[in-house]
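A.B. asks: Sequence first, predicted coordinates after that:
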Amino acid sequence: MALIRLEDVSKLYGFGDATTLALDEVNLIIEKGEFVAVMGPSGSGKSTLLNIMGLLDKPTHGSYKLSNRHVDRLSISQAARLRRDTIGFIFQSYNLLPRLTVLENVALPLTYKGVSQTKRLKQASAMLERVGMQNREYFYPYQLSGGQIQCAAIARALVNDPSIIIADEPTGNLDSVGSRLVMELLTEIHKSGNTIIFVTHNPELTRYATRVVYMYDGTIIQDEKTNIGEVAKTAKERHYKIAKKTVDDDLAGVTLLMKALPDKDVRTANRISRSKEKKKVKTNRRKS
Amino acid sequence: MSWHSGHIHTALVTIRANRGRSLITMFGIIVGVAGLIVVVGISQGVKNEITNQVNAYSNNVISVTSKAATLNSFGVSSVPAVSTLTNQDVRAISKIKGIVVVPLSIMSGVATGEQSDSNGIVIATSGQLLKVLNQTLVYGSFFSGSDTNPFTAVLGSTAAHNLYKKNIPLGFGLNWRGQQFIVDGVMNSFQVTPFSSNSIYNNAIFINQNAIKQMNLGGSSIYKILVRVNKGSQLTKVDREINTILLKTHDGDNNFSVLMPSQEAQSNTSVFNLLTELTISIAVIALFVGGVGIMNVMLVSVAERMHEIGIRKAIGASNRQIMSQFMIEATTVSVVGGLIGIIIALIIELGLRLTTNLVPTISWEIIVLSAVISSLIGIIFGSIPALRAASKQPIDALRND
């Protein structure tokens, strides 16, 4: 039984001439226990997809079933309850409340569940211990490093024991050490049976995923199963080989972004231009 | 519910974090609540004072005044230019059994002591006044030798001080309208509250009414007739009888007022009721303005904390919980404001007790009422910002940085 089933899901923003199609009839099935990486250029609809899966937003068209239950037309309070009990969020900008201590931040979801103060602080403390932050409980977010704040945010996402963890670029603001810390934590959570869906621009992070979904202009253009520990094939191709620029490209005003598209025509064009251009240009690798 | 305690904690954290802003927000509530408690306390205190005085001096005393003298447009008793009461009325009332009648005539002319003039009024009355007012003398006697020499005077405490400074004035001379009077006694001072009828007595010079007769100054108008009823149970009966008699002597013209002891107190406190109502309405306006202030600040707070609302919603807060949070915050601000207001009011009342004659009453009812009003203000004026906060879509709120 699929945990998440999206059928022909579209999302439109704005109206009239300013309408933007953020998602265009997306179909996606995610099974329980998957570790899904969502990749794609900016504006491809990754975050919109995550927001809809996380019940923060509603699809304009299409159906969304979570654990075989239709959730695309839930009331705001029903969505809030379901979100609280089944989904944990991790954001790129951490989103801890600055006025609360780390412990209070982690305990916050339990507050909305109606757990007593002693109990929720105890649970939050246990969760912080799990992410290796037990000695930072009474620190305020501004007193911690990015990696530590993100670990606290992960503890907050986990404290309600949700079955799904949704992470929108969890390592986007972190250095390589912080990124590894966060991803290893997520791997550990994945091992304990949680389903994890995360957005990333960093192909290296596909090593942690079991599946990589590529998006472009609101559609899923590729869906690839990968082995843990290996960089996904498509990600590797796209980010390690294609992103080259020639003098002709510069003259024609073709940007690197356009060339990074996994579009066959573009790739062919690249190959032609490469064969014509003997002199190699510097390889552009994206670093996290 | 336990998440409420979480919100109260969050509210307190927010208030602490924005101390200056919170204090300004509370200011209206503080002024309103403190004003309300102090004003009601003072007016209640003054009313109690007046009631106590009336009970002490004139528990069984019916006072008859000329109608023009009873109430002016503000409900304050005042001295009339022309009184409708006459000696004939006094004689007629005296015929009722079981009563003591004392007329009070305010005489014109300045009394001159050995050192200075008196600025007080001269009241012609009878020897029974002391008994009727339940008052005592510091020195001397009250018209004791009036049979042999009616030209004796008794001074109110302030008048005695003004005329003779530090001396005990017994036996000193006093000149009034060319007639020499001998000071026979000095009264104990009357407890004075503003607007009470006793306030004029301390600065008054009491002379014997027989002296007026002997000086051929007849026709003096009587300002007030005090009737002491020996048996308290007969008050109503005597009141009725006086009314009947006076109607007869005034040829059916109802140009006089007969006031029972309780009515006397009432007429004295009416100006305070008026002032109290006025000031309470100002305090209520201050409370209302305070409420609007809370609403404004909460609206700004909602706008500022939109991202926080988004985070809270993302991690599972329902609309109701967000609304409760902001309502609790607004209510906490106003309740804390109310408490500060109550404390300030108590300090002001203590200060008034220590430094003035006023004895403001601290009434628990008004303190509880103020606390309830300030919480209600928080709930009512906090609900609009709270609704606005709750109605935000989580994703819209999250996008708001």
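C.D. replies: Nice, I can see it.

A.B. asks: Quick check: closest non-adjacent residue to the one residue in chain A that gets nearest to chain B.
C.D. replies: Nearest to chain B in chain A, going by Cβ to the nearest Cβ, is A:Arg84, at a distance of 2.5 Å. In this view, the C-beta of every residue, glycine as well, is placed from N, C-alpha and C. Spatial nearest neighbour of A:Arg84, excluding adjacent residues (Cβ to Cβ, 6 or more residues apart in numbering or on different chains): B:Gly316 at 2.5 Å.

A.B. asks: Would you agree that neighbour falls within a strand?
C.D. replies: No. Looking at B:Gly316 with DSSP: H, G, I helix; E, B strand; the rest coil, it is coil, so not inside a strand.

A.B. asks: which residues does it contact?
C.D. replies: Counting by Cβ atoms under 8 Å, 6 or more residues apart in numbering or on different chains, B:Gly316 touches A:80-81, A:83-85, A:109, A:112-113, A:160.

A.B. asks: And it, how close does it get to B:Gly20?
C.D. replies: As for B:Gly316, its distance to B:Gly20 is 33 Å (criterion: Cβ to Cβ, to the nearest Å).

A.B. asks: circling back: buried subset of the contacts of B:Gly316?
C.D. replies: A:80-81, A:83-84, A:109, A:112-113, A:160 (16 or more other Cβ atoms under 10 Å in any protein chain shown).

A.B. asks: To what extent is B:Ile309 buried, counted in neighbours?
C.D. replies: Residues lying near B:Ile309 (other Cβ atoms under 10 Å in any protein chain shown) number 23.

A.B. asks: same check, this time on A:Arg73
C.D. replies: Per other Cβ under 10 Å, the neighbour tally for A:Arg73 reads 11.

A.B. asks: Quick check: closest non-adjacent residue to it.
C.D. replies: In this structure, A:Arg73 finds its nearest non-sequential neighbour in A:Lys58, 7.5 Å apart by Cβ to Cβ, 6+ apart.

A.B. asks: Regarding the one you found, what is its secondary structure?
C.D. replies: coil.

A.B. asks: quick one: pLDDT of B:Phe195?
C.D. replies: The score at B:Phe195 is 48. That number is its pLDDT.

A.B. asks: Look up how far chain A lies from B:Met215.
C.D. replies: Counting by Cβ to the nearest Cβ, to the nearest Å, the gap between B:Met215 and chain A amounts to 87 Å.

A.B. asks: near chain B, which residues of chain A?
C.D. replies: A:51, A:54, A:56-57, A:76-77, A:80-81, A:83-85, A:89, A:95, A:97, A:99-100, A:108-109, A:111-117, A:120, A:156-157, A:160 (Cβ under 8 Å from any Cβ of the partner chain).

A.B. asks: correct me, but A:Leu100 touches B:His9?
C.D. replies: No. Look at A:Leu100 against B:His9 with Cβ atoms under 8 Å: they stay out of range, at 9.2 Å.

A.B. asks: Distance check, the residue nearest to B:Lys224 when sequence neighbours are not counted against B:Asn203.
C.D. replies: Leaving aside its sequence neighbours, B:Lys224 sits nearest to B:Leu104 (Cβ to Cβ, 6+ apart; 4.5 Å). Counting by Cβ to Cβ, the gap from B:Leu104 to B:Asn203 is 14 Å.
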